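Asks: Predicted model, plus sequence, below.
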Amino acid sequence: MLKKLWKWISKNEWLILMLVLAAVIRIPSLFEPYWYGDEGIYLALGQGLKKGLVFYRDIHDNKPPLLYFLAALAGNVFYFRLMLMVWFSVTLVLFFKLMQVFFPKNSKAWYLSTFLMIILTTLTEGNIANAEIFIVLPVVWGSLIIFKETNPSTSLGTRRKIKDQKLKRWFGAGLLFSMGFLLKVPALFDFMAVIIWLWWFESKSFKEFVEVFKNKRLWLILIGFLLPVLISVAYYTWVGAGERYLRSALMQNIGYLASWSTGEHSSGGLATQSGIIIRAGLLLAAVSGFWGISKKFKLSSGLNFSVVWFLFGLFGALLSERPYPHYLIQPIIPLAILISYFLFKKERVIKSVVLGLIIVSGFYYYQIGFWHYPILPYYKNYIDYRLGKKSLEEYRNYFDWRVSQTYRVAELIMTTTLESDRLFIWGDEPGIYPLSNRLPIGRYTVAYHVVDFNGFDETILAFDKHKPKIVVVMEYEKRLFPELKTRLATDYVLIEKIDQALIYRRVNAN
C-alpha cells in the first residue's frame, strides 16, 4: 500500500506541488474579514435560505440560485473561502488532466498551463468566492468529459469516432455546463463555445454541417444543459417565485449589466445595447474567420476548441463593460491553454492566431480599464498581522476603512435586538446581515439594488410591515429615499453614531 502511494506521489509530484502552491497562496483569504460586498450579499441570501426564505420571492439578487446554496452551506466568510480552496483544488486536477489530453506528449505544456491558471486567477480576484471562479470547475470537467472521447491533438481527418454507447457522457457534460449556468448566466457563453465547436468545427462535411439536427452528441449536450434549468424554473414557479426568477436571474441580467455604461437600469433597447451588438458582430466575424483558417491548415480539435472558448469567454467578460477583475477569469482559463500552444507548437499560423487574440484582449483590457488589486501588499498585510506588527483593526482596515465599522455595527445590533428581529440598512453594507445573523426587512440587501430595480415602493411596504427596531443609515449614502426619511423623522430616534453609520431605534420598541 505504501509502495503504491509513494509511486503515485513520485509520478505526480509536480501536480502535488502545484496543489500545495494553490493552497498556500489562498491561506490568507481564509482569514479575511467581511469586506467584499458581493460575498456579503451571497451570505445574506444563504442565511435567508436557512431561515426559510425563498430566493427571488422573499430575498433578492440577480444571479441564478446555485451560488447562494453554496453560501448557505458555508455560513460565513471563512468556510466560504475554505469551500473555494477545496473547489479550486479539484478544478486544478481536472484542468491538469484536460491538459494531458490536449498535449499528450508534452508534459511541459501540462505544467505551464496549470501554473498559469493558478497565477492568472490569483491576479484576478480568484481568491474571492465569486461565481466566476466556481464556474471553472463544471466547465473544465464538462470539457474533459468531451475530449476524453476524442483525440484533440490529431487533425480533423484522423480523429477516432465516438462510439454510440458512450454518447451518454455528452449528456453528463451538458449537466455540468448547466451547473455553471446556474452559478452565473455568463457561463452560457462557455456552453455556446462547445455548441459552435461541435457544429462548425467538428463537422466532417457540408452535409453533416447542415444536418445538425441529426447530431446525437449535440442533442444530448443540449438536453443535459436545458434539463436542470427547466427544473429550476419549474421549482421557483411552484413556490411562487417563477416570474421573479425568470426576470431577475435570467432575463433581467442584460439590462442590469448595461446599466454600468448607460447610467441607469433598463431592459435595454437597441440604443442602450449597441456596444453588445457590435461586439457580438465582431465575435461572429472572429469565429467565422478562424473557422476558415482551421479548415485551410487542418488545425487540431484542441486548438479549435481553445480559440472558440477564449473568444466566447472574452465576450462574456466584456458583456457589461464593467471593470471588475473577476470577470476576466472566464477568458483566462482558455488563455492559459493558448499560451502553451503558442510556446510549444512550431506552426506559424498557430503563433499568429494566439498572438492576435492576446493583442485584441489587451486592447479591450485597457479600453475598459479593468481594476487590479496590489498582490504583494495583500500578503504583507496578512504576514504583519500574524507576526503581531499590526492590530486586528489595522489588518481589517487594509481591505476597507468601513470594515471596522461593519463589525462594530453588527455587534451593536446583536446586543440590542433579537435574532428574530428584522433589520434595515440604507447603504451598500450587506455583510452586516450575515455578521449579525439578522435578516433584511424585504427582498433587497443593498441600496443599489433598491435603486437599480426601482424597489422603493416594495421596500417601504416591507418597512411598514416589519417595523424594524434598528435602522442603519450610512452618511455617505447619497441616493435619496424620501419615504424612509419621513419615517425616521416620526418613528425613530438616533441612538448612536459609529464612524459614518447612523443608528436609529424605533420609538417604544420592545
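Replies: Okay, I see it. Numbers count the residues shown, from 1 in each chain.
Asks: Strands along the stretch 301-450 of the chain, start to end?
Replies: 422-426, 439-440 (DSSP state E, counting those that start in this stretch).
Asks: And for the chain?
Replies: In the chain, strands defined by DSSP state E lie at 422-426, 439-440, 470-474, 492-498, 501-506, listed in chain order.
Asks: Those strands into JSON lines, with extra columns for mean neighbour count, mean pLDDT and distance to F115?
Replies: Placement of C-beta: from N, CA and C, glycine included. What follows is these, written out as JSON lines (neighbours: other CB atoms under 10 Å; pLDDT from 0 to 100; distance: least, CB to CB, whole Å):
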{"stretch": "strand 422-426", "mean neighbour count": "23", "mean pLDDT": "97", "distance to F115": "42"}
{"stretch": "strand 439-440", "mean neighbour count": "25", "mean pLDDT": "97", "distance to F115": "42"}
{"stretch": "strand 470-474", "mean neighbour count": "22", "mean pLDDT": "98", "distance to F115": "42"}
{"stretch": "strand 492-498", "mean neighbour count": "13", "mean pLDDT": "97", "distance to F115": "45"}
{"stretch": "strand 501-506", "mean neighbour count": "20", "mean pLDDT": "97", "distance to F115": "44"}
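Asks: between the strands of the stretch 301-450 of the chain, which gets nearest to G316?
Replies: Closest approach to G316 among the strands of the stretch 301-450 of the chain (CB to CB): strand 439-440, 30.0 Å.
Asks: Please name the strands paired to the closest one in the sheet, noting orientation.
Replies: Here strand 439-440 has these sheet partners by DSSP bridges: strand 422-426 (parallel).
Asks: what sits up against the strand it pairs with?
Replies: Strand 422-426 has contacts (CB atoms under 8 Å, 6 or more residues apart in numbering) with 413, 417, 432-433, 436, 438-441, 445, 447, 463, 466, 468, 470-474, 477, 481, 484.
Asks: do stretch 346-356 as well
Replies: Contact with stretch 346-356 is made by F290, I293, F297, L299, L303, V307, L338, I339, Y341, F342, K345, as judged by CB under 8 Å, 6+ apart.
Asks: could you give the mean pLDDT of that stretch?
Replies: Averaged across stretch 346-356, pLDDT comes to 95.
Asks: Going by neighbour count, which residues in that stretch are buried?
Replies: By neighbour count on 16 or more other CB atoms under 10 Å, the buried set for stretch 346-356 is I350, V353, V354.
Asks: Between those residues, which sits nearest K148?
Replies: I350 (23.0 Å).
Asks: distance of the closest one from V194?
Replies: When CB to CB, to the nearest Å is applied, the distance between I350 and V194 equals 21 Å.
Asks: Same question for K168.
Replies: 16 Å.
Asks: the more surrounded of those two?
Replies: For K168 versus V194, neighbours defined as other CB atoms under 10 Å are more numerous around V194 (26 against 11).
Asks: residue contacts, Y398?
Replies: Here Y398 is in contact with P377, Y378, N381, K390 (criterion: CB under 8 Å, 6+ apart).
Asks: can you pull the contacts of P331?
Replies: For P331, the contacting residues are F310, G313, L314, G316, A317, S361, by CB under 8 Å, 6+ apart.
Asks: leaving aside the residues next to it on the chain, what's closest to it?
Replies: G313 (3.7 Å; CB to CB, 6 or more residues apart in numbering).
Asks: In TSV: the buried residues of stretch 346-356, plus distance to L116.
Replies: Shown next, in TSV, are the buried residues of stretch 346-356 (distance: CB to CB, whole Å):
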residue	distance to L116
I350	17
V353	18
V354	13
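Asks: Go through those and say which is closest to I278.
Replies: V353 (22.1 Å).
Asks: measure the closest one to V307 for me?
Replies: 6 Å.
Asks: picking up where we left off before, among the contacts of Y398, name the buried ones.
Replies: Among the contacts of Y398, those classed as buried by 16+ other CB under 10 Å are Y378, N381, K390.
Asks: Double-check the first one against P28; I have them as touching.
Replies: Yes. A contact is recorded between Y378 and P28 when judged using CB atoms under 8 Å, the distance being 7.0 Å.
Asks: ok, so what distance separates P374 from I221?
Replies: 41 Å.
Asks: And the two? Which one has more around it.
Replies: Applying other CB under 10 Å to P374 and I221 shows that I221 carries more neighbours, namely 29 against 9.
Asks: who's in contact with the more buried one?
Replies: Applying CB under 8 Å, 6+ apart, we find I221 in contact with I146, W170, F171, A173, G174, F177, V194, I195, L198.
Asks: distance of it from N62?
Replies: 27 Å.
Asks: what does S320 give?
Replies: From S320 across to N62, the span is 12 Å (CB to CB).
Asks: Same check on L357?
Replies: Using CB to CB, we find L357 at a distance of 30 Å from N62.
Asks: can you check K345 too?
Replies: 41 Å.
Asks: Ok, N454 next?
Replies: Note on N454: its distance to N62, by CB to CB, is 13 Å.
Asks: Could you do I135 as well?
Replies: As for I135, its distance to N62 is 16 Å (criterion: CB to CB).
Asks: again with E411
Replies: 30 Å.
Asks: Compare those two and say which one has the larger neighbour count.
Replies: More crowded of E411 and N62, by other CB under 10 Å: N62, with 21 against 13.
Asks: Pull the distance from stretch 228-242 to the chain's centre.
Replies: On the basis of CA atoms, centre = their mean, to the nearest Å, stretch 228-242 sits 22 Å off its chain's mean C-alpha point.
Asks: Now it: buried residues?
Replies: Buried-residue list, stretch 228-242, by 16+ other CB under 10 Å: P228, S232, Y236, A241, G242.
Asks: For the stretch 351-500 of the chain, which segments count as helices?
Replies: Using DSSP state H, counting those that start in this stretch, the helices of the stretch 351-500 of the chain run over 376-386, 392-399, 402-416, 432-436, 447-452, 456-466, 482-491.
Asks: Of all those, which one comes closest to I16?
Replies: With distances scored as CB to CB, the stretch of the helices of the stretch 351-500 of the chain nearest to I16 is helix 376-386 (22.4 Å).
Asks: pull the CA atoms of the closest one into PDB?
Replies: C-alpha atoms of helix 376-386 as PDB (Å, rounded to 0.1, in the frame of the first residue of the first chain):
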ATOM      1  CA  LEU A 376       2.400  41.800  -2.500                       C
ATOM      2  CA  PRO A 377       0.900  44.400  -0.100                       C
ATOM      3  CA  TYR A 378      -2.000  42.000   0.400                       C
ATOM      4  CA  TYR A 379       0.300  39.200   1.600                       C
ATOM      5  CA  LYS A 380       2.400  41.600   3.600                       C
ATOM      6  CA  ASN A 381      -0.700  42.800   5.400                       C
ATOM      7  CA  TYR A 382      -1.500  39.200   6.400                       C
ATOM      8  CA  ILE A 383       2.100  38.400   7.500                       C
ATOM      9  CA  ASP A 384       2.400  41.600   9.500                       C
ATOM     10  CA  TYR A 385      -0.900  40.800  11.300                       C
ATOM     11  CA  ARG A 386       0.300  37.200  12.100                       C
END
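Asks: which residues touch the residue lying closest to G180 once chain neighbours are set aside?
Replies: Spatially, and ignoring its direct neighbours in sequence, G180 is nearest to A187 (3.5 Å; CB to CB, 6+ apart). When contacts are counted by CB under 8 Å, 6+ apart, A187 touches I135, P138, V139, F177, G180, F181, G316, Q330.
Asks: L98: which of the residues you listed is nearest?
Replies: V139 (10.3 Å).
Asks: Test my guess that the closest one contacts I333.
Replies: Yes. The pair V139 / I333 is scored as a contact, 7.3 Å apart, by CB under 8 Å.
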